[in-house]
Each structure stands twice: as C-alpha cells, then as structure tokens.
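Participant: Give me a 3D structure for the following:
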Amino acid sequence: MEEMEKGKDMFWVYIGGLILAVILTLFMVKSSEHDKYATAAKAIAEDANNSAYKHAP
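Facilitator: You can find the predicted model right below:
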C-alpha cells in the first residue's frame, strides 16, 4: 500500500518536471529567435528602405 502512495507522489513530480522542461525549452527558443533578427533590426533602424514593409507617406 505504501508503494502505491509513493508512486502517486512521483507522478506529480514527473508532471512538474515535464512542465518545467517545456517552459525552459520555450524560453530558450524564444531568446535564440530574438538574437537571430537583431542584425536585421539594426539594418532597418539605419535605413528604413531595408525593410520588406514599405510605409505609405
């Protein structure tokens, strides 16, 4: 009977660990995507004609 209760406790630990791993993975992917477009943002800031989106006057 004690083994069954210990299994339930470990289940929630595994679920918590899985949720934490997903959150950390999403955070790392998001931060790497931000760095990927930093040079493009810098070029657009220097000259708006470098942008793919043309602004109407």
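Participant: Okay, now the unreliable bits of this protein?
Facilitator: Where the chain drops to pLDDT under 70, the residues are 1-8, 35, 48-57.
Participant: tell me the helices in it, going along the chain?
Facilitator: Per DSSP state H, the chain carries helices over the ranges 2-36, 38-46.
Participant: quick one, which of the ones you listed is packed in tightest?
Facilitator: The highest mean neighbour count among those, using mean count of other Cβ atoms under 10 Å, belongs to helix 38-46: a mean of 11. C-beta coordinates here come from the backbone N, C-alpha and C atoms, glycine included.
Participant: can you give me the angle that helix makes with helix 2-36?
Facilitator: On the basis of axes from the mean of the first three to the mean of the last three Cα atoms, to 10 degrees, helix 38-46 is oriented at 40 degrees to helix 2-36.
Participant: Can you work out which other helices and strands pack against helix 38-46?
Facilitator: For helix 38-46, there is no helix or strand it packs on, judged by 3 or more Cβ pairs under 8 Å, 6 or more residues apart in numbering; DSSP states H and E.
Participant: Return that helix as PDB; C-alpha atoms alone will do.
Facilitator: Extracted C-alpha coordinates of helix 38-46, given in PDB (Å, rounded to 0.1, in the frame of the first residue of the first chain):
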ATOM      1  CA  ALA A  38      19.000  41.600 -34.200                       C
ATOM      2  CA  THR A  39      21.100  42.300 -37.300                       C
ATOM      3  CA  ALA A  40      18.100  42.800 -39.500                       C
ATOM      4  CA  ALA A  41      16.500  45.200 -36.900                       C
ATOM      5  CA  LYS A  42      19.800  47.200 -36.800                       C
ATOM      6  CA  ALA A  43      19.900  47.500 -40.600                       C
ATOM      7  CA  ILE A  44      16.300  48.600 -40.700                       C
ATOM      8  CA  ALA A  45      16.900  51.200 -38.000                       C
ATOM      9  CA  GLU A  46      19.800  52.600 -40.000                       C
END
